[in-house]
Every structure is written in C-alpha cells, then in structure tokens.
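K.L.:
generate coordinates for the sequence data below:
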Amino acid sequence: MPGEINCIFTKGLIPFVEKEVGPEGATAICRAAGRSRDYLMADHNWIPAAVADQLVTLCQQLMREPDQERWARRYGESFMDWKPREERSYLGTYSMGIGNPRAAYERGTTIYGSQSRGVHRLDILEVGRHRALYRWTPLAGQTITVWSCTWVKVQCERFPTNWGLPRAEIVESTCAARGGDACRWDIRWQNPSRGARFWAPSLAGGVVSALLGVAGVTAGGGWPLLAAAPLPMIAGVALGHSRRESHQRRHTQQLLDLQSEEIIYSNRELEKKFAELETRIEQLSLLTDLSAAVSGTLDPEKIYDQTLSRLVHLMRYEKAYLFVVDRERQVLYGHRMAGLDAGAVPFEGIEVPLDPQRSASARAVITGQPVLVNDVEHTDEPVHLPLIQAHQVRSFVAVPLRVREQVFGALSVTASDVGRFDQGDVELLTAVASHVALAIDKAESFQTIEDLSRSLEDKVRVRTEQLRSTNEELRTAYRDLQATQQQLIQREKMASVGQLVAGVAHELNNPIGFISSNVTTLEDFVRRLRAMLEAYQDATLPEADRTRVAERRRELKIDYALKYLDAMIDGIRDGAERTRKIVRDLRVFARTPDDVWQPVDLNEELESSLTLLNHLLKDRITVRREYGALGAVECVRSQIDQVFLNVLANAAQAIHGPGTITIETRREGSRAIIRIADTGPGMPADAIGRIFDPFFTTKPVGEGTGLGLSISYEIVTKHGGEIRAENRPEGGAVFTLELPVARAAADAPAGA
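P.N.:
Residues are numbered from 1 along each chain as shown. Here you go, the predicted structure:
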C-alpha cells in the first residue's frame, strides 16, 4: 500500500510558508497538493507520501533553501513552537499534557504513528530515566527521506522544552535517508528537578533543625530542644512539597485551559461545518426537487417558472431572473422574473446589449463562465446601470444556460445588500442552470421527435404505395438472387481448392499412374538383380578377383543399398497411393451441388478434408482426433465436404505459428455432433454475431470473399442442422455442427 502522511504535516506547513514567503506560498501548496486549504488544515485527513515529498521540494524552491536537512530543521522548530489553537493540532495538546519527557518518549509509537502510515516502523528498543533508544525502519517499497528524518528528530529534541528543560541530545549511529538500513537514535535528556520551590524551604528547615540540635546539646537546653529540632526540617519539607504541588497544579490548570480552548475552538468549527452542511443539504434538496419538477414537464415556460420560484422560495434569494439570447439582434431580453416586488418594476421584454463590456450577464453568455459581483458600485465587472438601478441590485450572480455547447440564455439571482453571495452560490446556480438546460434540451428533443414522427408518417404513406408497386420487382430480384447464390456456392467451392483441382489433379494423375504401374516391375527387376549378385557371389573366382570384387562391393555400399531398397520401393508405392487418394478427394470435392443424398461416414470425410488441407497444416499444426461412433449419416457428400473444408481452413489460418486443431465427433440421439476447435486468438466480440453473414470477413482485403462460412451456414441449414461459433474460455474459437442422422429429419435441398 502506498505510504501516507497525516495532514498535521500540512497544518503546520501552510502557516510556516505563509510566514516565510507570503500568502502566495500557501496558494502554491494547495495547488500542488490538489486539495483545498480546509482539507490540508484538518489533521484527520491524509495525503500520499509522494505528494508530501513534492510539497517539501516546492517549499525549498519558494524559500530558496537548497539544503533539505536545513529546511526540515527550520520547519521542525516552527512546528514544535505549538502555534495558537487555529494552527495547533491535537498532537500538540496531547504532547504538552504528558507529565514528563520520559512519558513522552515511552509514547513514541502513539505520537508518531498518528503522523504517517505505511511508510516506516518505529521500534522503541529501550526507555530509561534519562535515555531512550529508537529504531526507524522503512517498510517494504518505502524510503525514509532526509526531510522526514530531520523533522521527526527535531520533535524528539524539543520534547523536554515543554517542561522548561534543555533540548534532548540525539546521537544518530545510522540513517536510512543516507544509505543505512534504518535510523538508530540514542536520545538523552534531563528530567525536571524538584527545584527551588522545594529545596529552599527544605534546606532552611534543615538548618533550623540543626541549630536547635546544637543548642540543645551545647547550651543546656535539654531534651525539649532536641525533641523540637526535627520539627523545622519537617515543616520545611512540607512547605517545599506544598509549593511544588501548587506549581504543578498551576501547570495542570494551564494545560486544562489550553485544552478547554481547543474544545471551544473545535466546537465553533463544528458549528461552522454543520451550518455549511445544512446549506449543502438545502441546496441538494432544491436540486432534487427541481430535477423532479422540470423532468415532469415538456413545456419550457413551466420549466422556467418552476426554477425561478424555487430559487426564491426554497433558497430564499431575493430575486431571480432569466434572460434569453436573441443572436440576430445581438441582445439579451428579459424573459422571466420571480421574487420580491416582481411585478412592481417591468422586466419581461427589457433588452440588454449582448456586449461583454456593458453587461455582466452578457459576459456570462459570451464567455460561458459565471460572474460574481458583490458590490455593483465597487467592481471591475461591467454592469448595466439602468437595470441595476431600476431593480435596486447591490450584488448578484449570473451563470450561462447552455444546451449542446450552445449558450441560449443566462440565469441570475440578486440581492439589495452588499456581499450577499460567495462561491457556494455560484456552484449552486451553476448546478441549477445545468438542470434547466437538460430539461430544455429534453423538451426541445421531444418536440423535434414529434415533428419528425409526423413527417415520417407522411413519408411512410408515400413509401407504402411505392413499395406495393415495386413488390413484384423484388420477387423477381429474389429469384435472381437465389440463382446467383447457387453460382456463388459453386464459385466459393472452386476458390477453396483453387489450382489444386485445376493443376494437381490433372498434372499428377498420369504420372501417378505411371509410377504405380512401374513399381511392381521395378520390384521384379530388383529381385532379379539381387539374384544375379548372389550368383556372382557364389561363383568360383580366383582369390585375387574375389578380393577385388569384395573391395569394390564395399566401396559401392552394395549391401547397404540392398538393405534399404525394399523399404524405398514400399515408400514409393505408399506415396503413389497417397497421391492417388488426394487426387480422388479433389475430384469428389469438385463435384457439382446436384449430388444425390447418400449415407456417408463423416469421420472419413473429415480425414479427406484434412488431406486436402495438408499444405496449410504441415508440421506447425497438430490435429487431435477424438472421433466417436457416428455410423452412416445421410447427406449430400460434396456439400458437407465443403463445410468441413471451410471450417478447417479457417481454423488453420487463424493459428499463427504452432498450434492445435481438435476434432471431436459423437452421436446424440438422432443427431451427429461435430466440434472443431483451434488454439488461435479467437474471434473479436463484435464479429461473433455476424460471422455467418454474407460477405462478412475479418481477413485483410483480397484474402477472403466473406462467403465461405455464409455458404456453410446455408448448407447445414438445408440439411436440417445447426452450426454455431463461439470463443473458448481458454482461448481460440470453436465451431459446432449438428446434423440429423437420417434425411427424414432434414429438409432436403430442392431437386435432391
């Protein structure tokens, strides 16, 4: 958690900077902290530690003090002077009320724990009669700055001065602000002595007692003098103790008076805050009531009347005015007025020039900013004297009325005495103006909608007649569209395999036939050659020839070739058979959409589609097959192959880099379920609902027609099935196909 500093820091800082720099220094602090002065002077508030660091840097700049330690010591001395009650914190009163320095140092965690939180931890290692050991350790992720270390150190030094004692002496062995792991302080101080009030009477009594004792022994006074000798000493000690207690009582009374002042001051501040709160509640009540009132009508004139009436009767403003802008004539004219003697002086229809140099209301309209004037006779703001004098106005507030960035008028409240308004009135009137503007905007929008509705009804009647006349044209266009759709289906199917059908099937068919027919012949030739080699090996040759032949056989690696020759022939045969299967699958896929319905093994059709897409899968995509027992599913094979090819191709193209496509098939009752999932990035949220729309595609221009999934949707629907697309929680997309097992459960395509 980020560290925070209590506003007791700023409560002492603001008057300190005001004294050193001036009022502009306090203003700069409030601006830099982003808080009001009231907030920063309330010691129950907190600011981030980073903001406190920024304020210290700002104060150093304002005071032209580059040394942070020296600045912090100056501030610490000022902080410990315990200013008057307006600036003193509860911590000052608390510290001054502690009986002696040792008690103050024992309560270090309480005193300093109220100044910061989440920044450092104080460990009190030892507290004796004259000495204490403190250790300050920064919390994880936090640092102890030079200014905070010095500020707290000055406080510790100054505690004994509350009792008229010398400052404490602090020896710092390590400092976290200067590279140490913690700040370690050895604090030593002097405790209050009994003082002259106690010792003077006590010593005087002791001297008298001693003299009486000597007189009793030397002068022959006998036992009466010896018996009376201790009495003066006892009386002196009692008198000294009484004087000391009397002094302590006076000190305690001073602390009580000090705390009483704090209580009285705090009570006054609370009364002031309660008064402000009551005003805010009244204002909120007005805004709530006004919002309900203006929302219940769409008549602008009623909105104006209700607004002005509530400003006068609920908020007790003397008079309230509403001006409306006439931009053609460049004037503000009086539109509505409410308040004392509202009818005695004419207002409605009065015109004020729309000139920011001649009228404060005009300035509010032109600049879009509120204007506050608390004395019309002593102000730099422009005032329209004829209107001011006629209505006996001495102070006023004017705010603009704005709808959709267009100012259409001004709202103003006035008083017959000076200094009636403050910033709170400006904020309230601005909020009221916003409610009025919203209500006017709503009313105008409703009127516009009504006008548009009537216009639309007229247009609908005209368009209805036109639609009737063109209905037959639409039927013809629909039939043409159906024919075009069939052509698009065939075109998309041919685009899916492209030149594979035109080139591979044609060019490879004859070579594959040649390879297949010659593999058997090649195998027979190899068998003959092997028999010939064995005959040569068994033949009787001279030793020299035999050695030479054996050496040559090793050089040519004949045994190695014979060992792998059969495997190579089998590989050629398997490759030829695989190529023949690819060509056959291409031919099956390229059939026209008029194919007949027939029982089909969908698992085999999926494998055929994977064969055709092998160039997309290659080694980067792993296909996981989770085939279930589907049995024969009655469908148009070429059309279902087209669906599989489209979905699998999209899945492969969605995976950039290595990935996995999972194909799951199962049977649920009378329906076959095929689920194809990929590990790609998934589909955009705004694309899922449109993925099956014609011509919609997420691919770059030129890389997709947007018809593949639309055609697939049409095919599955005609088969009486469903196809859905969704994103998986773990990433990637999944397409789910449901097809009826028997044709009786599906709507067969026309002509099938």
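K.L.:
give me the buried positions along stretch 55-63.
P.N.:
With burial defined by 16 or more other C-beta atoms under 10 Å, the residues of stretch 55-63 counted as buried are 55-56, 58-60, 62-63. Backbone N, C-alpha and C define where each C-beta goes, glycine included.
K.L.:
now stretch 622-638
P.N.:
Within stretch 622-638, the residues scored as buried using 16+ other C-beta under 10 Å are 623, 627, 630, 633-638.
K.L.:
quick one: residue 651 is in a strand?
P.N.:
No: under the criterion used here (DSSP: H, G, I helix; E, B strand; the rest coil), residue 651 is helix, not part of a strand.
K.L.:
got a list of what it touches?
P.N.:
Applying C-beta atoms under 8 Å, 6 or more residues apart in numbering, we find residue 651 in contact with 661, 676-678, 680, 733, 735.
K.L.:
now do the nearest residue to it once chain neighbours are set aside against residue 723, distance only.
P.N.:
Across the structure, with C-beta to C-beta, 6 or more residues apart in numbering as the measure, the residue nearest residue 651 apart from its sequence neighbours is residue 678 (3.9 Å). Distance from residue 678 to residue 723, counting by C-beta to C-beta, to the nearest Å: 15 Å.
K.L.:
now the contacts of residue 651 in TSV, with secondary structure and pLDDT?
P.N.:
As requested, those are arranged in TSV below (DSSP: H, G, I helix; E, B strand; the rest coil; pLDDT from 0 to 100):
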residue	secondary structure	pLDDT
661	strand	95
676	strand	96
677	strand	96
678	strand	94
680	coil	91
733	strand	94
735	strand	95
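K.L.:
I'd like the residues you listed laid out as TSV, including neighbour count.
P.N.:
Putting the contacts of residue 651 into TSV (neighbours: other C-beta atoms under 10 Å) gives the following:
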residue	neighbour count
661	24
676	20
677	20
678	25
680	20
733	22
735	22
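K.L.:
ok, so of the residues you listed, who is nearest residue 350?
P.N.:
Out of those, the one with the shortest distance to residue 350 is residue 733. That distance is 69.7 Å, counting by C-beta to C-beta.
K.L.:
helix, strand, or coil at residue 110?
P.N.:
Quick answer, by three-state DSSP: residue 110 is helix.
K.L.:
so for it, what's the pLDDT?
P.N.:
Per-residue pLDDT puts residue 110 at 81.
K.L.:
that one - how many residues pack around it?
P.N.:
Applying the criterion other C-beta atoms under 10 Å, we find 12 residues in the vicinity of residue 110.
K.L.:
so how far is residue 162 from it?
P.N.:
Taking C-beta to C-beta as the measure, residue 110 and residue 162 are separated by 16 Å.
K.L.:
just residue 608 next, same as before
P.N.:
Look at residue 608 and residue 162: by C-beta to C-beta, they are 95 Å apart.
K.L.:
buried ones in stretch 661-673?
P.N.:
Burial within stretch 661-673, assessed by neighbour count using 16+ other C-beta under 10 Å, is assigned to 661-665, 671-673.
K.L.:
can you pull the pLDDT of residue 303?
P.N.:
Each residue has a pLDDT score; the one for residue 303 is 78.
K.L.:
meant to ask about residue 52, not that
P.N.:
Looking at residue 52, its pLDDT is 94.
K.L.:
equivalent analysis for residue 123, please.
P.N.:
Residue-level pLDDT assigned to residue 123 equals 93.
K.L.:
quick check: bridge partners of it?
P.N.:
Taking DSSP bridges, one obtains residue 135 as the residues bridged to residue 123.
K.L.:
quick check: it vs residue 134, distance?
P.N.:
7 Å.
K.L.:
and the two? Which one has more around it.
P.N.:
Using other C-beta under 10 Å, the more surrounded residue of residue 123 and residue 134 is residue 134, with 25 against 13.
K.L.:
and residue 352, helix, strand or coil?
P.N.:
When states are read from three-state DSSP, the local structure at residue 352 comes out as strand.
K.L.:
isn't there a helix covering residue 739?
P.N.:
No: in this structure, residue 739 is strand, not part of a helix, as judged by three-state DSSP.
K.L.:
could you count how many residues lie near it?
P.N.:
A count of nearby residues for residue 739, using other C-beta under 10 Å, gives 24.
K.L.:
what sits against it?
P.N.:
602, 633, 635, 640, 671-672, 674, 716, 719-721, 746.
K.L.:
make JSON lines out of those residues and add pLDDT.
P.N.:
Compiled in JSON lines, these are given as follows (pLDDT from 0 to 100):
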{"residue": "602", "pLDDT": "94"}
{"residue": "633", "pLDDT": "93"}
{"residue": "635", "pLDDT": "92"}
{"residue": "640", "pLDDT": "90"}
{"residue": "671", "pLDDT": "94"}
{"residue": "672", "pLDDT": "95"}
{"residue": "674", "pLDDT": "96"}
{"residue": "716", "pLDDT": "92"}
{"residue": "719", "pLDDT": "91"}
{"residue": "720", "pLDDT": "92"}
{"residue": "721", "pLDDT": "94"}
{"residue": "746", "pLDDT": "48"}
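K.L.:
of the residues you listed, which belong to strands?
P.N.:
Secondary structure assignment by DSSP state E places 633, 635, 671-672, 674 of the contacts of residue 739 in strands.
K.L.:
mind putting the residues you listed into JSON lines with distance to residue 210?
P.N.:
Supplementary listing: the ones in strands among the contacts of residue 739 in JSON lines, determined by distance: C-beta to C-beta, whole Å:
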{"residue": "633", "distance to residue 210": "128"}
{"residue": "635", "distance to residue 210": "130"}
{"residue": "671", "distance to residue 210": "122"}
{"residue": "672", "distance to residue 210": "123"}
{"residue": "674", "distance to residue 210": "119"}
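K.L.:
domains in the protein, by residue range?
P.N.:
The record assigns the chain these domain ranges, following automatic domain parsing: 4-188, 296-447, 498-590, 592-752.
K.L.:
comparing the ones you listed by mean pLDDT, which bottoms out?
P.N.:
Ranked on mean pLDDT, the bottom entry among the domains of the chain is domain 498-590, at a mean of 72.
K.L.:
what's the separation between residue 677 and residue 431?
P.N.:
The gap separating residue 677 from residue 431 is 55 Å, by C-beta to C-beta.
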